[in-house]
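need coordinates for the below:
(one chain, ligands or ions: 2)
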Amino acid sequence: MNGHATEKERTIFDHTGNRIKTEDREIRILAKYEEPLVVVLGNVLSNDECDELIEHSRERLQRSKTGEDRTVNTIRTSSGVFCEQTETITRIEKRISQIMNIPIEHGDGLQVLRYTPGQEYQPHYDFFAKTSRASSNNRISTLVMYLNDVEEGGETVFPMLHFSVSPVKGMAVYFEYFYRNDELNESTLHAGTQVIKGEKWVATMWMRRQRFRVS
Ligand SMILES: O=C(O)CCC(=O)C(=O)O
Ligand SMILES: [Fe+2]
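Ligands and ions are numbered 1, 2, ... in the order given. Below you'll find the model as predicted:
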């Protein structure tokens, strides 16, 4: 029997069934693309948490406009900030760590991005190229949380999987790319399509293979 050809590789995400019980919130597993694993999650953040993340970041985005962030980047035209540690952020990060099944010290920190109409994040990988220095402790998984409903556009698309997720406030998309088979990792190419109407706000957590920050 040639059963091995269809055997799936082990994943980091180990939740089964339709729910993830974290310490403070029950997350819904709504849809799964099996390999590479892409999971659509519901009830990740409350409305209040989404609003707080946006407000907390909006002020800091505006302040950073004149700084180094001014540099034009054609791949990612949105603006972003890493969140400062507050009580809310710490609580959310704990939840994220339970969803992603990785200690929070492996995370890059929570980054909030804002896209206005016409802005996008062109197709990219979240992991670094093997030739880059950052790849010595490379990224292995991502959680993108949607902080608002977008009127039009702004889907997260996986062009190689022919799969896309529409942003809905409080929901998230999870994916990982720590497979032994590099073709699976490379098929996690993804993009944030152009926002057509309204704003799009997301909070992203990237996890590393090893501990990344001190806490
Ligand atoms: O905005 C999106 O939908 C995708 C964001 C993303 O790819 C990232 O933050 O790495
Ligand atoms: Fe990404």
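
neighbours of the spatially closest residue to Met205 that is not a sequence neighbour, how many?
If you skip the residues right next to it in sequence, Met205 has Leu143 as its closest partner in space, 4.7 Å away by Cβ to Cβ, 6 or more residues apart in numbering. All C-beta atoms are positioned from the backbone trio N, CA, C, and that covers glycine. Using other Cβ atoms under 10 Å, Leu143 has 25 other residues around it.

so Ile20, which state does it fall into?
strand (DSSP: H, G, I helix; E, B strand; the rest coil).

ugh, typo on my part, it should be Val112
Secondary structure assignment for Val112 (three-state DSSP): strand.

and for Ile99?
Under the three-state scheme (three-state DSSP), the conformation of Ile99 reads as helix.

ok, it - contacts?
Each residue near Ile99 by Cβ atoms under 8 Å, 6 or more residues apart in numbering is listed here: His15, Ile20, Thr22, Ile27, Leu41, Val44, Leu143, Tyr174.

how about Lys21?
With contacts defined as Cβ under 8 Å, 6+ apart, the neighbours of Lys21 are Ile27.

what about it, distance to ligand 1?
Remark: distance between Lys21 and ligand 1 (Cβ to the nearest ligand atom, to the nearest Å) = 26 Å.

next: Asn73.
With distances defined as Cβ to the nearest ligand atom, the gap from Asn73 to ligand 1 amounts to 13 Å.

one step back: A strand includes the residue nearest to Met205, no?
Yes: checked against three-state DSSP, Leu143 lies within a strand.

which residue ranges form the helices in this structure?
In the chain, helices defined by DSSP state H lie at 47-64, 87-100, 182-186, listed in chain order.

tell me which of those helices approaches Arg211 most closely.
helix 87-100 (12.3 Å; Cβ to Cβ).
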